[in-house]
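Asks: what follows is a predicted structure for the sequence shown.
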Amino acid sequence: TQLLEQSPQFLSIQEGENLTVYCNSSSVFSSLQWYRQEPGEGPVLLVTVVTGGEVKKPKRLTFQFGDARKDSSLHITAAQPGDTGLYLCAGDGGVQGGKLIFGQGTELSVKP
Amino acid sequence: GAVVSQHPSRVICKSGTSVKIECRSLDFQATTMFWYRQFPKQSLMLMATSNEGSKATYEQGVEKDKFLINHASLTLSTLTVTSAHPEDSSFYICSAWGFERQYNEQFFGPGTRLTVL
């Protein structure tokens, strides 16, 4: 059974601080997605990483896929209150149209 | 692109009644749709996977006779919660995947808040 361990589960920081969220597994994934969800809404796709060692840097966010494609991290620089939400990583087992394996989620609160 | 809508956004019903939730892909053909349940501050819990024109595949522990899923077209899937009880109260979210996507990204609807009195 494929599992994704996401940490930390809760994070409360002040505006301007940096943070990192981790997703780890013993399984290899074909790709890994990161989503952000606000209360009462559905998750929104932030990024998809595919290649081992890949790094994507949209704005203040940095996403990295581990060399072995078993782990990933999300780093936010100078967090803002608008970054508040639930962050979810999801691993793709490689079956076309197949289900994703979701991490437990990280509830981020950025206080002004 | 990749917009998924869900209707209704909120529903309150009496115990024993059935509730239907619709999930539509607005700008792409959804070969596969997924239904999730989510409790406050928790991750998504996959309930079932449905492919257009086929019977849904339910996850272990999900009662298929209670949560009826129909995926009759490439743009519409429905989830019917039959004989709803207070313990069925939850946030239900659908997502969609289309074969033209290069990777298995799913695009999510805005969710439906179900409250059973």
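Replies: Okay, I see it.

Asks: tell me which residues in the worst-scoring helix or strand of chain B on mean pLDDT are buried?
Replies: Each helix and strand of chain B was given a mean pLDDT (mean pLDDT, DSSP states H and E); the minimum falls on strand B:67-73 at a mean of 92. Of the residues in strand B:67-73, those scored as buried under the neighbour-count criterion (16 or more other C-beta atoms under 10 Å in any protein chain shown) are B:67-69, B:71. Bear in mind the C-beta positions are built from the backbone N, C-alpha and C, glycine included.

Asks: what's in contact with the next helix or strand after that strand?
Replies: Moving toward the C-terminus from strand B:67-73, the first helix or strand encountered (DSSP states H and E) is strand B:76-81. Here strand B:76-81 makes contact (C-beta atoms under 8 Å, 6 or more residues apart in numbering or on different chains) with B:18-25, B:30, B:33, B:35, B:47, B:50, B:66-71, B:88, B:92, B:94, B:96, B:114.

Asks: repeat that with 7 Å
Replies: Contacts with strand B:76-81, where a contact means C-beta atoms under 7 Å, 6 or more residues apart in numbering or on different chains, come from B:18-24, B:33, B:35, B:50, B:66-71, B:88, B:92, B:94, B:114.

Asks: also stretch A:80-97?
Replies: Applying C-beta under 7 Å, 6+ apart, the contact partners of stretch A:80-97 are A:2, A:4, A:6, A:15, A:21, A:23, A:25, A:29-38, A:43, A:72, A:74, A:76, A:100-103, A:105-110, A:112, B:31-32, B:43, B:97, B:99, B:103-104.

Asks: make JSON lines out of the buried residues of strand B:67-73 and add distance to chain A.
Replies: Compiled in JSON lines, the buried residues of strand B:67-73 are given as follows (distance: C-beta to the nearest C-beta, whole Å):
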{"residue": "B:Phe67", "distance to chain A": "16"}
{"residue": "B:Leu68", "distance to chain A": "19"}
{"residue": "B:Ile69", "distance to chain A": "14"}
{"residue": "B:His71", "distance to chain A": "12"}
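
Asks: other SSEs contacting whichever strand or helix holds B:Cys94?
Replies: When secondary structure is defined using DSSP H and E, the element that contains B:Cys94 is strand B:90-97. Identification of packing neighbours for strand B:90-97 by 3 or more C-beta pairs under 7 Å, 6 or more residues apart in numbering or on different chains; DSSP states H and E yields strand B:4-7, strand B:19-25, strand B:32-38, strand B:107-108, strand B:112-116.

Asks: got those as TSV, with mean neighbour count columns?
Replies: Compiled in TSV, these are given as follows (neighbours: other C-beta atoms under 10 Å in any protein chain shown):
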stretch	mean neighbour count
strand B:4-7	18
strand B:19-25	21
strand B:32-38	24
strand B:107-108	23
strand B:112-116	18
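
Asks: ranges for the strands of chain A?
Replies: Applying DSSP state E to chain A gives strands spanning A:5-7, A:10-14, A:19-24, A:31-37, A:44-49, A:55-56, A:61-65, A:71-76, A:85-92, A:100-102, A:106-111.

Asks: B:Ile12: which of those strands is closest?
Replies: B:Ile12 lies closest, by C-beta to C-beta, to one member of these: strand A:31-37, at 22.7 Å.

Asks: pairing partners for that closest one, with directions?
Replies: Using DSSP bridges, the neighbouring strands of strand A:31-37 in the sheet come out as strand A:44-49 (antiparallel), strand A:85-92 (antiparallel).

Asks: and the angle from it to strand A:71-76?
Replies: Counting by axes from the mean of the first three to the mean of the last three C-alpha atoms, to 10 degrees, strand A:31-37 lies at 40 degrees to strand A:71-76.
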